[in-house]
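Trainee: Pasted the sequence and its predicted model underneath.
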Protein chains: 8
Amino acid sequence: MDQDRITQLLQDFKQDRVSLEQALEKLRQLPFEDLHYAKVDHHRSIRQGFPEVVFAEGKSEAQIEGIIEALLKQGHNILTTRLSADKYKSLEGRWAGMEYHPLARVMLIRHKEIKPLHGLVLVATAGTSDIGVAEEAALTAEMMGSKVQRLYDVGVAGIHRLLAYRSCLEQADVIIAVAGMEGALPSIAAGLTDKPVLAVPTSIGYGASFEGLSALLAMLNSCANGVAVFNIDNGFGAGYFASRLIKQMNRFSDNR
Amino acid sequence: MDQDRITQLLQDFKQDRVSLEQALEKLRQLPFEDLHYAKVDHHRSIRQGFPEVVFAEGKSEAQIEGIIEALLKQGHNILTTRLSADKYKSLEGRWAGMEYHPLARVMLIRHKEIKPLHGLVLVATAGTSDIGVAEEAALTAEMMGSKVQRLYDVGVAGIHRLLAYRSCLEQADVIIAVAGMEGALPSIAAGLTDKPVLAVPTSIGYGASFEGLSALLAMLNSCANGVAVFNIDNGFGAGYFASRLIKQMNRFSDNR
Amino acid sequence: MDQDRITQLLQDFKQDRVSLEQALEKLRQLPFEDLHYAKVDHHRSIRQGFPEVVFAEGKSEAQIEGIIEALLKQGHNILTTRLSADKYKSLEGRWAGMEYHPLARVMLIRHKEIKPLHGLVLVATAGTSDIGVAEEAALTAEMMGSKVQRLYDVGVAGIHRLLAYRSCLEQADVIIAVAGMEGALPSIAAGLTDKPVLAVPTSIGYGASFEGLSALLAMLNSCANGVAVFNIDNGFGAGYFASRLIKQMNRFSDNR
Amino acid sequence: MDQDRITQLLQDFKQDRVSLEQALEKLRQLPFEDLHYAKVDHHRSIRQGFPEVVFAEGKSEAQIEGIIEALLKQGHNILTTRLSADKYKSLEGRWAGMEYHPLARVMLIRHKEIKPLHGLVLVATAGTSDIGVAEEAALTAEMMGSKVQRLYDVGVAGIHRLLAYRSCLEQADVIIAVAGMEGALPSIAAGLTDKPVLAVPTSIGYGASFEGLSALLAMLNSCANGVAVFNIDNGFGAGYFASRLIKQMNRFSDNR
Amino acid sequence: MDQDRITQLLQDFKQDRVSLEQALEKLRQLPFEDLHYAKVDHHRSIRQGFPEVVFAEGKSEAQIEGIIEALLKQGHNILTTRLSADKYKSLEGRWAGMEYHPLARVMLIRHKEIKPLHGLVLVATAGTSDIGVAEEAALTAEMMGSKVQRLYDVGVAGIHRLLAYRSCLEQADVIIAVAGMEGALPSIAAGLTDKPVLAVPTSIGYGASFEGLSALLAMLNSCANGVAVFNIDNGFGAGYFASRLIKQMNRFSDNR
Amino acid sequence: MDQDRITQLLQDFKQDRVSLEQALEKLRQLPFEDLHYAKVDHHRSIRQGFPEVVFAEGKSEAQIEGIIEALLKQGHNILTTRLSADKYKSLEGRWAGMEYHPLARVMLIRHKEIKPLHGLVLVATAGTSDIGVAEEAALTAEMMGSKVQRLYDVGVAGIHRLLAYRSCLEQADVIIAVAGMEGALPSIAAGLTDKPVLAVPTSIGYGASFEGLSALLAMLNSCANGVAVFNIDNGFGAGYFASRLIKQMNRFSDNR
Amino acid sequence: MDQDRITQLLQDFKQDRVSLEQALEKLRQLPFEDLHYAKVDHHRSIRQGFPEVVFAEGKSEAQIEGIIEALLKQGHNILTTRLSADKYKSLEGRWAGMEYHPLARVMLIRHKEIKPLHGLVLVATAGTSDIGVAEEAALTAEMMGSKVQRLYDVGVAGIHRLLAYRSCLEQADVIIAVAGMEGALPSIAAGLTDKPVLAVPTSIGYGASFEGLSALLAMLNSCANGVAVFNIDNGFGAGYFASRLIKQMNRFSDNR
Amino acid sequence: MDQDRITQLLQDFKQDRVSLEQALEKLRQLPFEDLHYAKVDHHRSIRQGFPEVVFAEGKSEAQIEGIIEALLKQGHNILTTRLSADKYKSLEGRWAGMEYHPLARVMLIRHKEIKPLHGLVLVATAGTSDIGVAEEAALTAEMMGSKVQRLYDVGVAGIHRLLAYRSCLEQADVIIAVAGMEGALPSIAAGLTDKPVLAVPTSIGYGASFEGLSALLAMLNSCANGVAVFNIDNGFGAGYFASRLIKQMNRFSDNR
C-alpha cells in the first residue's frame, strides 16, 4: 500500500532509477494531494496508522465528493462524520458500499478489510438521547479496527442500572462514557473501575445545560480520577482516541 | 412575644385605650426599627416564623453590632452568617453566649430556648473541603428548630461510601447535599430515595470549576428528579429552606 | 402492582417454588426492561413512588413509542414532557386516552386512577408568556396526585396584582413561582409568606435575558429566604419536586 | 468664571487686542491643560455644566495630586471617586477643606458655593451592604447641586418596608435604586410610581451573583417600564445622570 | 375616564349608594381585569400616566387578541411591540385604525387623541441596520405624547457625520442613541452635550458582538458621564423612559 | 474624481464664483449624502483612500439597493459583504457587471479600473470549511488594489502541509491566517516568519468552539509574537486592514 | 496487604471463625475509615490499583494531617497535591521521608517500594511557566510506577524546537502536553505522532486567556485527532490517567 | 553576529574544516540553548529579526536570571516584560545597564546599539490609567528600532482633545490606540485617518468591564475599518507588531 509505494520510490532512487530531484519532488507531493480547496493527506496512514476522516460540516457537497473521490483513488476506506441527512441524500448511490447511519450522521465505505485489533471498547450512555453521539464513537472505533460493546441508558438517575452491568466495565480495555445534562456518568464509571474512561459531554438537556456546557464542566471537574474529556458531542474524537489507545496497547504488547 | 404585643395593641384599640390613628401608627412602625442604615425587621418572626438573620459580608463591624443589638433588645436569638474570623474577633466578648464556628463562619447567640420541630434534616457532603458550607446549613437548620444528622465525605468517586449509608437517606425527611467539582452527589442521592433533595454547589475545585459554576450547572441539570438548587456556597439558604419544609410538615400534620 | 409482584417472588422463594438463582435473576431483571436504546425503570415506582416520565426531546418517535408501550404494559399512567406538536401528531390516536396540552408540550394518558394526596400546590406566573412552563409544572403535579391552584400574570411590574391574591399564598402548602425577565416573583412571594417557594426561571425576555440566564441568576441570588431554584423552563422539575414535598408531608403526617 | 474668560477673549479679538491666530491658539489650548499624562478638561464646565471628576482607580498618587492641583488652580470644586483609604491617607492634609467619605470612597473639596437646583433625588438601597455605592451616588448628586433624600435597606425580602415609605417615591423627581443580589428593587419601585428610576446593580451577594452580574442582568430585564441601568457599583454614574436630569428639568422649566 | 369611574365610585360610597363591602370589592377588581391568562392592568394609566403596552413575543395570537380587546373596551390606545409580521397578518383588519410598522415590529391603534407634551426626544442610530430598534423607541415616545426627531446612520466610523448634526443634540431634551457593534455612539454623544443620553445596544454585528453583548458592555462602561443603558434591542424601554422624563419635566415645570 | 470636485469648489471660492456661505454649505454636505436611513459617505475615499463598503446584514433589500445606487452615481466601485444568496437573487441583474461569490457572500461591481498596489497578501486557511471567510478577505484585498495569493487547508493537524509551502510565507508582505477550531495556524505562521500575521477566527467547529470563541481566544493569546486579531468570521476586516498596510507601505516607499 | 486482609476475613468466615453478621460488618467498614470529616478509602487500592491521593486545597492542616496519618497506618505511600508552601511548612518534619516539590506543590512519602511498570510517559511543556503543572503530572506518574521523560519549553512560537525532539514523541507510549496561552502544543504533537496525547491547559497567559479558558477551549477543539483533555492546571489528573493507560497496557500485554 | 556564525559554519563545511555530521549537529543545536527549563532561542534574531523577549510572569527569579544570562552571553539586548517591582528588586544591580520602568513593568538592558528604522509609531491612550500598558508598547517598539510618539489621555469623553491632535495621526505610519472601559478610541482614530490602527484593550474600568472584556469586544466589533486587536493589557504585543510593520515597510521600500 502507501508504505509500499514509498519503499519502492526509495529503492528506485538507490538504484538510480530516479534522480535525487525526482525523488525529493515525489516525496514532497506524496503526503497530500492538492485539490486547491483541500490538501488530502494520504501520508497520514503512514504517520498515524489510520486514514484521513472527512468532517462534512461546513463543507459543500461538491467539496465532500471531491475529497472522498481522492481518498478512494488511493484505496482508503471512508469515514465521513457530521454528514446531514440532506447532504447524504445528494450523494446517495454515488459509490458502491455506502452505509449511512442517520442517528450518528456517519457515512461509511468499507471496501477494504479492516485489520482487527485485540482489545475491547465499551461505549456507554447516560440516556437514550445520547445514543447519536455514542454511535459516532462506536462506528469510528470499529472503522479503526477495535471491537466495541454498547451499553445504553445507564445514567445516574437510577444507579442500579449501571451497577447491574458492572461486569461490562471490568471486561473493557477502554470505556467511553457519553452523557448530557449533569454529566455524572464518567465520574461514577471511573469510581467503579480502574480502566481509562473517555468522557464525552453531549448537548442534550434543559435550559441551563447551555448546549452541553454543564456536562463538559462536570466532566472536566470529575472528582473521580482517570477521566479524560472530549469536546461536546465529539463522539468521533473519543472513538478515535480509544482506537489509538487500543492500537498502542497492541503495539506495546507486540514489542515485549 | 411579638404576637402578644400586636394582640395587646388590637385589644387596646377595641376597648378604646388607643385611638385609630395611634393604632395605625404603632402597627406601621412595629414591623421594622429604622437604624437609618438598616430597617430591622421584627415583624418577620410573625410573618415567617423565624427571626431575621444577619448577613455579615459587606457590612461594617459597627453596622453588624448595631443590628444585633436591636435584635437582642427584642429578645431574638441571633444567627450571623458570613462573619469572617477578623470581624468576629472585633466583636468577641461583646454579648453573653456568643458561639463562633470558624469553618462555617457562623456566630450564634442562643439565649432563648428554640422550640424543637419534628422531622430530620440530613446534611451530606461530597468531600472534606465542602464541610464549611455544610456546617452553615446544619447550624441554620438547628437554629430554626430542626434535628440534623451530618454525613460527610461520601462523594461519587467512591460510590460505595454513599451506598453504605443508604439508610441515612431513608430516615431523613429532607436531604441537603453539598458538593463542589462535578456536583454529582445530589443526582445520586435523588436517584436512591424519594425524599426531597436540596442541592448546594460549592466553590471547591480545580480551574474549570470556575468557582462553583460547574457544580451549579450540574445540579440545575440533574437527570434525577426531585432536586432543587441553591446558590453557590449558600449553606444558609438550604438550611433555611429545609426548616421551612420541616415547619410546613409540622403545620400540615397539626392541621389534619 | 409492582410491589405485589416482588412480594409474590419473595414468597415463592421462601416456599421453594423458585430457587435462589432464579430469584436473584428475576429481581435483577425486574428493575428495568432493556429496550437496548432505553432501560425502562419499572422499579422506580417502588423506589420513589412515581412512575418514570418520558422526556421526549432528543428522542426519535420510534424510541418514544417503544418506551411508552413498555410502560403501558406494566400498567403505568403516562406523563410525556417536551413533546413537540409535530411529534405528537405522528403519535396521535396510537393509544386510548391520550391528552395533549400544546402550551405545555405535555402528553398524558390517565387510564389508572391517581391516588389523591392532601395538600395544595399553587402555581403562579409573572406574565402571560410564562404560562407554558407553568402548565408543565401544574400537569406534572396533578399526575403525581397533588391538588393544584393556578394564578397567572401576577408579576412585579404591578405589585398590587400579587397583593390582591395574597390569600392564595397563605392557603398553599407549596408555591411554584414561574418568571422570566428579571425573575423577581419568587423573591416577592417568599417575602410575603413562610411557605416553601420553588422558583422556575423561564427563557422569556429581551436580549440580555440570555434565554433565561437573567431570571436564573436573580432567583439563585434571591435576598428573600426560602427560595429553591430549578433549571430554566423546567416546569416539570418543579412540579415533580412539589409533589415529593406533598407526598413527604402526607407520609410525615401519617407517621405521627 | 470660565465662560467669562472665553467671552473676554472673543471681545479682545473683535476689538483687535489679539490677532486671529492668537485667538485661535488660545481657544484651542483653553479646553484642556496638558499634564502629559492627563489632559485636564477645563472646558467641560462650559460644555456640560459640571467640572471634571477625578476617577482615582488605576492612577498613581502623584497623578491624582497633579490633576487635583490643576483643577484647583482653575477654581473648580473637587469630586474624587474610587479613592481608596490608603491613597487618601497619603494625600490627607494636602489641601484645605478635604472631606473623605470612607464608605463611598469619595473625597470632596467644596471651597466654592454650589448653585442649588430645584428638584429632589431619592437614593434608595435594597440592603445595608449597598450603602457605599448609594453614598457615592448621593454625594455626587449633591456636588452637582441637587437635593438628595436617602432611604436605605428597603429591599424586596420585606416588601412592607418599601410600601411604608411609598410617599418618598412620590415626592422625588428622580429615583436612584441601588441593589445587589437579585436586583429587584428598581423593578418594584418603577411599578409603584411613574418617576424615572435609575438602577445601580452592586457587587454584593453570594457565589452566583458573579460580582454583580445577576443584579445587572435583572435590572436590564426589568418587566417594569421606566428603568434605566448603570454599571455595577457605579453610584457616581447614576448620581451624575440624575443631576443631568434635574438640571435639564430646571432649564426646561426656565425656558417655558 | 378611569379616574372618573373611581371618583364616581367614591362618591357613590359617601352618599350610601354602595356599601363599604361593595366599594372595596369594586376597587379591588378595578385595577386589573382577570382574563385568567392575563391580568389586564387598567389601573396603570392612573398610577403611571400611560396605558399598558402589549408585549407580543411569546404570547399566542388568541392571547394577544384577548388582551387588546380588553384594553380597547376601556377606551385605551393600543401599543403592541415585538409583533412579528406573521402574527400581524393573522390579526390584520381585526380592528379599525391598525397601523403596522414592519421594521419596528410595532402595531398601533390611535383612536383617541394623544395629549402632546412639551419637549423633544432625539432618536439617533449608528447605522442603518439599527433603525428597526430606533423606530420602536420613536413610535413608543410618540404614543406617549412626546415630539420625536430622527437622526439615522451617524456612527463613529465617520465622526464628521455626527459633528455635522451637532445642533440636533443641542435642541433635544433627551437623546436616545441606538448602536450595535462597538456601541460607541452614546459615549460620543454624551461627550458633546450635557443632555441625558439613553443608550440602546442592538444585536447588530459580526461574530464576537455576541448578539449585542459587546455594545451593551461598551455602553455600561462609557467613560463619558451622563449615559443610562437599556436592554439589547429594547427600543421600547428607552422610548418609554424618555417619555417619563419628558412627562416629569412637564410636571416639574407646571408645579413651579 | 471626488478630490477634483473639492479642489474645484475651493478654486471657485477663491475666485469669488461662490460665496463663503455657499462654499461652507457645499463642503458640509459633500461628505455624505443623506438617504434618511443612511448617510452615504462619499468623503471617505478622500479621507481613507477606499470607497465605503456596503455591509448587507440587517439591511432590507430596498436599503441595500438605495445605498448602492447612491454610490454608483458617484462613480464608485461596489463591494457588498454579508449578502445572502436570497438577497442577491432579488437584486440580480439590477446593475451591469454584478459578480456574486456565494461562498464569500460578496457581491462586486468593478466598472472602474482598480489602481494596483505593489506588495503581496497571502491568504491561508487551516481547513476547507474556512474558505468562505478567506475568500471574503481575498476579494476585499483585491478590490482595494492588492495582489493576493491563496493557500488553503494547511492547518496544524498535518504541520508538513504548511512547512511544504513555507516559501509562500516568505514571499508575502502580509499574511492573513484564517482558522476555526483551536485556531493555531496564525501562531505557527508567525513563528515561521517575521511578516505581520493577521489572524481571523472562524465559527467552524464542534460544540465547545462556541461559534468561534475558542479560535478567537487562542489567537488573542498567541505565544508567537506578531499576530493581530480580527472579529470572528471577519474576513472583510482582515482584507481591508491588509490593504491599509500595503497602501501604507507604498506611500512610505514613495515618500523616501 | 489489603487484599490479604480481605482474603483472611473470607476464610475466617468459611471456617466459622467469624459469623455472617461479623463478616458483613467488617467488610462494610473495611473500605473506608470514618474520620467523620473524611471517609478514607483504603479499599481503592484494591478497586483501582493506586492508593487514595490527598487533595490539600480547601482542607485545614489538621484534616490533612489526620488523613495522611490514617493512610500511613495502612502502609500506603503518600501523594499530596495542591499543598501550599505555607501548609507544608506547618507539617514539615512530621513524618520521615517527606519530600516537598515547591513548583509542583506536591508532597511525597515513599517508604514502600513502588512496583515499576513497563512503558514511558513523555511530559512536555510549551513554556517555562508551565513547568509547575508538568511536574505535578510527572511526579504523579512516577508515584504510580511509570517511567517519565521531561521535555520542557518546546512551544509553537518556535516550532523547530519541537521538531528537533521529534524522536522523543516516537519513543513514548503516552504523551502529556502542558500549555497555557493559545494551547496549541497538543494539536501539533498529535499531528506529528500516533501516540495518545493528554492535553493539560494551564492558567498561564495575558488578559483574555481568562485563567486558562483559552487554552482549555483550544485543546477541546483540536483539529488534530487523538487529543484528550484535562482540567485547567490539572497535572495530577493527566499523570494519573497516563498511569492508568500504562497499567492497562501492562495488564493487556500480560493477558495475551 | 549570529548570521556571521552560521555563515562561518557553512564555509567551514564547504572547505572541509568540519564534516557533514558536525555541521548538521551544530546547526541543529544552534537555534536554542537548552537550559532544561527553557530553550533559549538564539536563532530567532535570524529568523525574525528581533531577539527573544523574556516574559517574566509565572517564572521564578532563578529562571529569569538564567535566561537573561544566556541571552547576554550571545550579545543580545534584553527586553523583560511583566516584571513585577518585587522581582526586579531581587535582580537589581545584577547586570550593568539595567533600566526598570515601574509603570510598564519593563526591564531593559541596552548595551548594544539598536539599528534605527525609518517610520513613526504613535502610541495614544484614552485615559491616564491606561499609560502603563501604553508604555510597555512604546518601550517595546523603541527596543525594536522604531521611533515612537506618545499622546496620552485623549479619550472619547472629550472628543475635542483627540481632534486637537489630529495631525499626530497623520504623521504616524502606525497607530497604537490603548483604551479601557468602552474602548472606543481605536474606532474614532480609524475613522479619522487611513493609517493602520492597533487596538489594545486594557483592564481599566468599573464592574461590568469584566477586567477588559468590554473594551476587547468593542474593539473586535469596531464599525470603523482598519482596526486590528491585541490581547487585554498586551502592550508588548502591539509594540512588537508595530515594529514588524515598520520593519516590513523598510524592507519593502529597500527592495523597490
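Mentor: Received the coordinates, thanks. Just so it is clear, the model here is predicted, and its values are computed rather than measured.

Trainee: SS state for A:Ala104?
Mentor: Applying DSSP: H, G, I helix; E, B strand; the rest coil to A:Ala104 yields a three-state assignment of coil.

Trainee: Return the distance of A:Val227 relative to G:Asn231.
Mentor: 10 Å (C-beta to C-beta, to the nearest Å). In short, each C-beta sits where N, CA and C put it, glycine included.

Trainee: do the same with A:Val133
Mentor: A:Val133 is 21 Å from G:Asn231, by C-beta to C-beta.

Trainee: Got the phi and psi for the residue of the stretch 51-200 of chain A at minimum distance from chain D?
Mentor: Nearest to chain D, among the residues of the stretch 51-200 of chain A, is A:Glu182, at 16.4 Å (C-beta to the nearest C-beta). Per-residue torsions, A:Glu182: phi -90, psi 0 (degrees, to the nearest 10).

Trainee: tell me which element the closest residue to it other than its chain neighbours is part of?
Mentor: Using C-beta to C-beta, 6 or more residues apart in numbering or on different chains and skipping the chain neighbours, the partner closest in space to A:Glu182 is B:Ala218 (4.1 Å). Element membership for B:Ala218 (DSSP states H and E) is helix B:213-220.

Trainee: For the residue of the stretch 51-200 of chain A closest to chain D, grab the count of nearby residues.
Mentor: For A:Glu182, the neighbour count with other C-beta atoms under 10 Å in any protein chain shown is 34.

Trainee: pretty sure it contacts A:Gly212?
Mentor: No. With contacts counted by C-beta atoms under 8 Å, A:Glu182 stays clear of A:Gly212, the gap being 11.6 Å.

Trainee: distance of whichever residue of the stretch 101-250 of chain A sits closest to chain C from chain F?
Mentor: Closest to chain C within the stretch 101-250 of chain A is A:Gly207: 2.5 Å, counting by C-beta to the nearest C-beta. A:Gly207 sits 17 Å away from chain F, going by C-beta to the nearest C-beta, to the nearest Å.

Trainee: Enumerate every residue touching that residue.
Mentor: Going by C-beta atoms under 8 Å, 6 or more residues apart in numbering or on different chains, A:Gly207 touches C:201, C:203, C:211-212, C:216, C:231-234.

Trainee: Enumerate every residue touching the closest residue to it other than its chain neighbours.
Mentor: In space, A:Gly207 comes closest to C:Ile232 once its chain neighbours are excluded; the distance is 2.5 Å by C-beta to C-beta, 6+ apart. Residues counted as contacts of C:Ile232 (C-beta under 8 Å, 6+ apart) are A:206-208, B:220, C:201-203, C:211-213, C:215-216.

Trainee: ok, now A:Val227?
Mentor: Contacts of A:Val227 (C-beta under 8 Å, 6+ apart): A:186-187, A:190, A:197, A:199, A:219, G:237, G:241.

Trainee: residue ranges of the strands in chain A, please?
Mentor: For chain A, applying DSSP state E gives strands covering A:32-34, A:39-41, A:54-55, A:78-81, A:98-101, A:106-109, A:120-125, A:147-151, A:174-179, A:197-201, A:227-229.

Trainee: could the ones you listed be laid out in CSV, adding mean pLDDT?
Mentor: Shown next, in CSV, are the strands of chain A (pLDDT from 0 to 100):
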stretch, mean pLDDT
strand A:32-34, 54
strand A:39-41, 59
strand A:54-55, 90
strand A:78-81, 94
strand A:98-101, 96
strand A:106-109, 95
strand A:120-125, 96
strand A:147-151, 96
strand A:174-179, 97
strand A:197-201, 97
strand A:227-229, 97
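
Trainee: Same list (the ones you listed) but as JSON lines, adding distance to B:Val174.
Mentor: Conversion of those to JSON lines gives the following (distance: least, C-beta to C-beta, whole Å):
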{"stretch": "strand A:32-34", "distance to B:Val174": "63"}
{"stretch": "strand A:39-41", "distance to B:Val174": "59"}
{"stretch": "strand A:54-55", "distance to B:Val174": "49"}
{"stretch": "strand A:78-81", "distance to B:Val174": "47"}
{"stretch": "strand A:98-101", "distance to B:Val174": "46"}
{"stretch": "strand A:106-109", "distance to B:Val174": "47"}
{"stretch": "strand A:120-125", "distance to B:Val174": "32"}
{"stretch": "strand A:147-151", "distance to B:Val174": "34"}
{"stretch": "strand A:174-179", "distance to B:Val174": "27"}
{"stretch": "strand A:197-201", "distance to B:Val174": "31"}
{"stretch": "strand A:227-229", "distance to B:Val174": "31"}
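
Trainee: follow-up on the earlier one: let's see if you can find the most crowded of the contacts of C:Ile232.
Mentor: Highest neighbour count within these, by other C-beta under 10 Å: C:Ala215, with 38 neighbours.

Trainee: wait, isn't that residue in contact with C:Ala177?
Mentor: No. Counting by C-beta under 8 Å, C:Ala215 stays clear of C:Ala177, with 10.6 Å between them.

Trainee: Spell out which residues of the stretch 101-250 of chain A are next to chain B.
Mentor: Contact residues (C-beta under 8 Å from any C-beta of the partner chain) of the stretch 101-250 of chain A with chain B: A:126-127, A:155-159, A:180-184, A:187-188, A:190-192, A:205-206, A:208-210, A:213-215, A:217-225.

Trainee: Count the residues that sit near A:Met249.
Mentor: 24.

Trainee: List the residues that contact the spatially closest residue to it that is not a sequence neighbour.
Mentor: In space, and not counting its chain neighbours, A:Met249 is closest to G:Phe252: 4.6 Å by C-beta to C-beta, 6+ apart. The neighbours of G:Phe252, taking C-beta under 8 Å, 6+ apart as the test, are A:118-119, A:173, A:249, A:252-253.

Trainee: Next one: G:Phe252 from G:Val227, what distance?
Mentor: According to C-beta to C-beta, G:Phe252 and G:Val227 sit 22 Å apart.

Trainee: same question, A:Gln74
Mentor: The value you get for A:Gln74 to G:Val227, if C-beta to C-beta is used, is 25 Å.

Trainee: A:Leu245 now?
Mentor: Distance, A:Leu245 to G:Val227, using C-beta to C-beta: 12 Å.
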